[in-house]
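J.: sharing a model that was predicted from the sequence below.
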Amino acid sequence: MFKNTYTWSKTATAAAVVLTAAAVLAATPGVASALSAPLSCARIAAHFDLARHQTPENIALAPDGSAYVTFAAARQVARITPGGSTRILATLPAPADGGIHTPVLGFALTTGIVRAHDGTLYFLYATGTSELTGLWRLRPGGTPQRIAALPAAGLPNGLALDPRTRTLYVTDSVLGTISSVPTTGGTPRTWSAAPELASTGFLGANGLKIRGGALWVTNLDRGVVLRIPVQRDGRAGQVQTRATGLAGIDDFAFTGHGDQILAALNGPGEVALVQPDGTHSTVLTAADGLQNPTSIALRGDTAYVLSAAYVTAKDPNLLLAHLNG
């Protein structure tokens with residue numbers, strides 16, 4: 001978010017500086033530093049335009065090979081074709097104040113996104129205003145519609161869909177909560193406000209996935225991966241810490257090998273492979289083309305990694321890599 005081919009707002013620049021600082025402070029000794037081999041053949045499949053504020057924040061994949069992404073600072077949802085071309089599907093209305101009251105960051109942004117089986121996209125928008133902040137829906141060929149209001153004082157960030165119960169779960173990185181909303185919309189309910197979700201000064205609960213009867217969530221400030229069981233009555237169980245020492249962790253994806261995950265480490269500009277026992281190693285770095293990676297998705301043996309270049313301010317992109325084994 002520094003000056004490069006254009007000038008960001010001062011508040012956005014300040015947010016980038018804090019992100020870098022948070023990542024450094026969260027670092028812990030003993031992390032494996034040597035590159036390992038689970039990912040290979042990394043290549044940049046699409047470059048995005050910083051001049052148009054195309055900072056990709058989150059990703060959802062479609063069966064036809066397309067990737068749906070949120071461009072945070074542009075307030076947009078876009079489709080990236082298998083050939084790497086970009087089509088803007090929606091641009092959300094700007095708040096009257098320009099987004100300067102968006103908590104912590106000071107600019108309005110689109111964040112988490114998921115795709116339902118019928119092609120409907122659900123995504124989050126944070127503006128610092130009660131009129132726009134919330135959970136939005138975009139049906140194929142339609143226009144975006146807010147289906148649930150979320151607290152203007154918060155920063156909705158991670159999004160996960162449970163198709164079995166038709167429930168969407170939302171992390172709030174400022175309020176330190178996970179909320180639930182039916183896919184039909186309505187009033188959100190606080191599903192968990194466990195202290196492990198809270199920030200330590202910047203952003204707390206962040207990436208979110210559903211696996212094995214539990215919600216898995218990252219906390220950027222604390223550098224951890226958490227598992228929260230969904231009890232039979234639907235309520236949150238006791239929080240379990242599954243991995244630590246992941247400085248600047250943002251979003252993540254399961255590899256298909258048990259509870260093994262790939263995690264985007266935003267501030268350090270790395271992707272880490274996290275084993276079920278919590279140990280981790282670095283598998284992609286800036287040398288592969290990473291520019292502050294924000295999210296990861298997997299289709300078969302292909303990993304999709306988004307980089308937003310929030311701090312580097314050079315080359316936001318979509319990187320593809322082969323998952324070995």
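T.: Structure's in. What do you need?
J.: mind checking how far G223 is from D250?
T.: 11 Å (Cβ to Cβ, to the nearest Å). Where C-beta positions appear, they are placed from N, C-alpha and C, glycine not excepted.
J.: bridged to the nearest residue to G278 once chain neighbours are set aside, which residues?
T.: In space, and not counting its chain neighbours, G278 is closest to A243: 4.2 Å by Cβ to Cβ, 6 or more residues apart in numbering. Beta bridges link A243 to V225 when assigned by DSSP bridges.
J.: what about A243, how many neighbours?
T.: 24 (other Cβ atoms under 10 Å).
J.: return the helix or strand in this protein with minimum mean pLDDT.
T.: Using mean pLDDT, DSSP states H and E, helix 10-26 stands out as the lowest-scoring helix or strand of the chain, at a mean of 40.
J.: next secondary structure after it?
T.: As assigned by DSSP states H and E, the chain's next helix or strand after helix 10-26 is strand 39-47.
J.: that following strand: how far from the chain's middle?
T.: Here strand 39-47 is found 19 Å from its chain centre; the criterion is Cα atoms, centre = their mean, to the nearest Å.
J.: show me what that strand is packed up against.
T.: Strand 39-47 is packed against strand 280-284, strand 317-323, with contacts defined by 3 or more Cβ pairs under 8 Å, 6 or more residues apart in numbering; DSSP states H and E.
J.: nearest to T143 among these would be which one?
T.: T143 sits nearest to strand 317-323 of all the helices and strands packed on strand 39-47, at 25.3 Å, using Cβ to Cβ.
J.: who does that closest one touch, helix- and strand-wise?
T.: strand 39-47, strand 302-307.
J.: and G223 and D250? which has more neighbours close in?
T.: D250 (28 against 25).
J.: you'd agree the residue nearest to G278 is up against P276?
T.: No - under the criterion of Cβ atoms under 8 Å, A243 makes no contact with P276, lying 9.2 Å away.
J.: which neighbours do these two have in common?
T.: Between them, A243 and P276 share no contacting residue under Cβ atoms under 8 Å, 6 or more residues apart in numbering.
J.: which residues does the residue nearest to G278 contact?
T.: A243 touches V224, V225, V274, G278, T279, H280, counting by Cβ under 8 Å, 6+ apart.
J.: change it to 10 Å
T.: Going by Cβ atoms under 10 Å, 6 or more residues apart in numbering, A243 touches 218, 223-227, 249, 252, 259, 261, 263, 272, 274-280.
J.: kindly report the same for G237.
T.: Listed by Cβ under 10 Å, 6+ apart, the contact set of G237 reads S192, A194, G213, A214, L215, R227, I228, P229, V230, Q231.
J.: give me the pLDDT value at the third one.
T.: I take that to be G213. The model reports G213 with a pLDDT of 96.
J.: touching, it and G234? I think so.
T.: No - counting by Cβ atoms under 10 Å, G213 sits too far from G234 to count as a contact (11.2 Å).
J.: out of the contacts of G237, which is most surrounded?
T.: L215 (25 neighbours).
J.: surely that one is in a helix?
T.: No - per DSSP: H, G, I helix; E, B strand; the rest coil, L215 lies outside any helix segment and is strand.
J.: which element is the spatially closest residue to it that is not a sequence neighbour on?
T.: Among residues not flanking L215 along the chain, I228 sits closest, at 4.8 Å (Cβ to Cβ, 6+ apart). Applying DSSP H and E as the criterion places I228 in strand 224-229.
J.: residues in contact with the closest residue to W216 other than its chain neighbours?
T.: Leaving aside its sequence neighbours, W216 sits nearest to K209 (Cβ to Cβ, 6+ apart; 4.8 Å). If a contact means Cβ under 10 Å, 6+ apart, then K209 has 158-160, 169, 215-218, 225, 251-254, 261 as its contacts.
J.: about what we covered before: among the contacts of A243, the buried ones, what's the PyMOL command?
T.: In PyMOL, this line selects whichever of those come out buried by 16 or more other Cβ atoms under 10 Å:
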select buried, resi 218+223+224+225+226+227+249+252+259+261+263+272+274+280
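J.: hang on, the earlier thing: with distance to T127, mean neighbour count and mean pLDDT added, can I get the helices and strands packed on strand 317-323 in TSV?
T.: As requested, those are exported to TSV (distance: least, Cβ to Cβ, whole Å; neighbours: other Cβ atoms under 10 Å; pLDDT from 0 to 100):
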stretch	distance to T127	mean neighbour count	mean pLDDT
strand 39-47	27	16	96
strand 302-307	22	25	98
